[in-house]
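**Q** predicted model follows, preceded by the sequence.
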Amino acid sequence: MIVVFGSTNLDQVGTVSRLPKPGETVAGGTFSMAPGGKGANQALAARRAGAQVRHVSAVGDDAFADMALALLRAGGVDLSAVRVAPAATGIAMIFVDAEGENVIAVLPGANGTVSAEDAQANLAALGPADIVLLQQEVPQAATRQALAIARQKGARSVLNTAPFLPDTPELAALADIVVANETEFALLSGRPIEELDAAMAEWSQNTGRTIVVTLGPDGARAVSPQGAVSVPAHKVTPVDTVGAGDTFCGYFAAGLEAGLALEEAMRRAAIAGSLACLNPGAQPAIPLKQDVDALA
């Protein structure tokens, strides 16, 4: 079982010819709404990868809640631990340009009510065969407690360092595996991107943990106490990169839970992340297992 402890949002997406600069207005094109949130995205990705998935989160008591959970429910994710809070459902406001790049502002809403008590109530049954997948769009006290419970129960924990926060370095050292992009890892390690390989080796040696760094079109690299691995990306012309990192995380966790070695889990996750760039939106673009199987 994969237990995803994290956020649930409704994404509101506008397309623009180019991303506006501060104070600038740029005419847009289409507008759409789709389920999102890093936790929910990763839960759906893990489920589409073939894993049994339980999502621990919170949504608001409003009309957006059902929309935010629609694809998770349709996909067979266990939503029994999603709590309805007296708040608005979380919202992500996203602009995507003609090249597929994006800027995102997140309004947490009900995600901000996720607490250490939610972790205690919903992670007590974890066992050594389980994986806990976490991000940082719910309060850090809750994430910290979830990491502690995973360690106590012998479950493996995978922490995605997005969005990067001031205490991310402290929490990262509590996880078994950390997944970061280049920018996040530069912040985590305190070393420039140009020193990536040396910084990854140093961080893994100092913490005894595994670090995975996603590199977009260049694939992903990892350093663990057992050594270093690197996998390529599947080459695509991106339409929308929203959700590609979450797709990688969900597929990666599913691969590990299925018993794949680190390199093979990363390789499938990199393919899935590339395929997620071929369609607009976060959850709607997450590929199905058979799509990844065809390229793996």
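**A** Good, I have the coordinates.

**Q** with Ser189 as the reference, measure out to the closest residue to Arg191 other than its chain neighbours.
**A** Among residues not flanking Arg191 along the chain, Ala199 sits closest, at 4.0 Å (CB to CB, 6 or more residues apart in numbering). Yep, even glycine has a C-beta here, placed from its N, CA and C like the rest. Look at Ala199 and Ser189: by CB to CB, to the nearest Å, they are 4 Å apart.

**Q** next: Glu137.
**A** 22 Å.

**Q** who has more neighbours out of these two?
**A** Neighbour count, other CB atoms under 10 Å: between Glu137 and Ser189, Glu137 has more, with 26 against 22.

**Q** so what's the more buried one up against?
**A** By CB atoms under 8 Å, 6 or more residues apart in numbering, Glu137 lies in contact with 6-7, 9, 37-39, 90, 106, 108, 111, 163.

**Q** can you list the residue ranges for helices in the protein?
**A** Along the chain, the segments classed as helices by DSSP state H run 38-48, 64-75, 116-122, 140-153, 168-172, 182-189, 196-207, 244-257, 262-275, 289-293.

**Q** and those as JSON lines, adding mean pLDDT and distance to Ala129?
**A** Formatted as JSON lines, the helices of the chain follow (pLDDT from 0 to 100; distance: least, CB to CB, whole Å):
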{"stretch": "helix 38-48", "mean pLDDT": "98", "distance to Ala129": "15"}
{"stretch": "helix 64-75", "mean pLDDT": "97", "distance to Ala129": "22"}
{"stretch": "helix 116-122", "mean pLDDT": "97", "distance to Ala129": "17"}
{"stretch": "helix 140-153", "mean pLDDT": "98", "distance to Ala129": "10"}
{"stretch": "helix 168-172", "mean pLDDT": "96", "distance to Ala129": "24"}
{"stretch": "helix 182-189", "mean pLDDT": "96", "distance to Ala129": "28"}
{"stretch": "helix 196-207", "mean pLDDT": "96", "distance to Ala129": "24"}
{"stretch": "helix 244-257", "mean pLDDT": "97", "distance to Ala129": "8"}
{"stretch": "helix 262-275", "mean pLDDT": "97", "distance to Ala129": "15"}
{"stretch": "helix 289-293", "mean pLDDT": "97", "distance to Ala129": "20"}
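
**Q** residues in contact with the nearest residue to Ala124 once chain neighbours are set aside?
**A** When the adjacent residues along the chain are set aside, Ala124 lies closest to Ile149, with 7.4 Å between them (CB to CB, 6+ apart). Under the criterion of CB under 8 Å, 6+ apart, the neighbours of Ile149 are 119-120, 123-124, 126, 132.

**Q** need the max-distance pair from those.
**A** Checked with CB to CB, these reach their widest spread between Gln120 and Val132, with 13.2 Å between them.

**Q** please say which of these two ends up with more neighbours.
**A** Ranked by neighbour count (other CB under 10 Å), Gln120 and Val132 place Val132 first, with 27 against 14.

**Q** for that one, give me its contacts.
**A** Taking CB under 8 Å, 6+ apart, one finds 2-5, 123, 126, 146-147, 149-150, 155-158 in contact with Val132.

**Q** ok, it to Leu19 distance?
**A** Note on Val132: its distance to Leu19, by CB to CB, is 34 Å.

**Q** how many neighbouring residues does Glu101 have?
**A** If we define neighbours as other CB under 10 Å, then Glu101 has 14 of them.

**Q** isn't it right next to Asp240, touching?
**A** No: Glu101 lies out of contact with Asp240 (CB atoms under 8 Å); the separation is 9.0 Å.

**Q** hey, what's the closest residue to Glu257 other than its chain neighbours bridged with?
**A** The shortest distance from Glu257 to any non-neighbouring residue, by CB to CB, 6+ apart, is to Ile131 (4.9 Å). Ile131 forms beta bridges with Ile2, Arg156, as assigned by DSSP bridges.

**Q** Val158 is in contact with Ile131, correct?
**A** Yes: the criterion here is CB under 8 Å, and Ile131 meets it with Val158 at 6.3 Å.

**Q** quickly list what's touching both of those two.
**A** Common neighbours of Ile131 and Val158 (CB under 8 Å, 6+ apart) are 253, 256.
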